[in-house]
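> everything below, folded, please.
(one chain, ligands or ions: 1)
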Amino acid sequence: MPLELNTTTKALRCDVCGGIIKTKPIVVKTCCNNKPWTFCSNRCYTTWMRDWLRKQEQARTKAKL
Ligand SMILES: [Zn+2]
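Numbering: from 1, shown residues only. Below is the predicted model of the structure:
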């Protein structure tokens, strides 16, 4: 029997807390990353965004030196 894959019900995992997303996920793509980031909630998205911005700022500071 072939395995049916339904993308709408496929379990997605949150990239921040690792929890399985049951509701509509928040999917984000960044310019320097081909893999989209998936978040279960706005809270996880904010947590990731803060971290991501810090990394961007660090990379910029390093490039200047
Ligand atoms: Zn999460």
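
> make it CA atoms for all contacts and neighbour counts henceforth
Fine.

> how near is Pro2 to Ile21?
25 Å (CA to CA, to the nearest Å).

> and those two? which has more neighbours close in?
Ile21 (18 against 4; other CA atoms under 10 Å).

> quick one: the strands in this protein?
12-13, 20-21, 26-30, 33-39 (DSSP state E).

> packed most tightly, which of those strands would that be?
strand 12-13 (a mean of 18; mean count of other CA atoms under 10 Å).

> Trp48 - nearest residue in space that isn't next to it in sequence?
In space, Trp48 comes closest to Val16 once its chain neighbours are excluded; the distance is 6.6 Å by CA to CA, 6 or more residues apart in numbering.

> from Thr46, how far off is that neighbour?
Applying CA to CA, one obtains 10 Å for the distance of Val16 from Thr46.

> same question for Ala59.
From Ala59 to Thr46 the distance is 20 Å (CA to CA).

> on that earlier part again, among Val16 and Thr46, which residue is more densely surrounded?
Applying other CA under 10 Å to Val16 and Thr46 shows that Val16 carries more neighbours, namely 17 against 13.

> sounds good, over and out.
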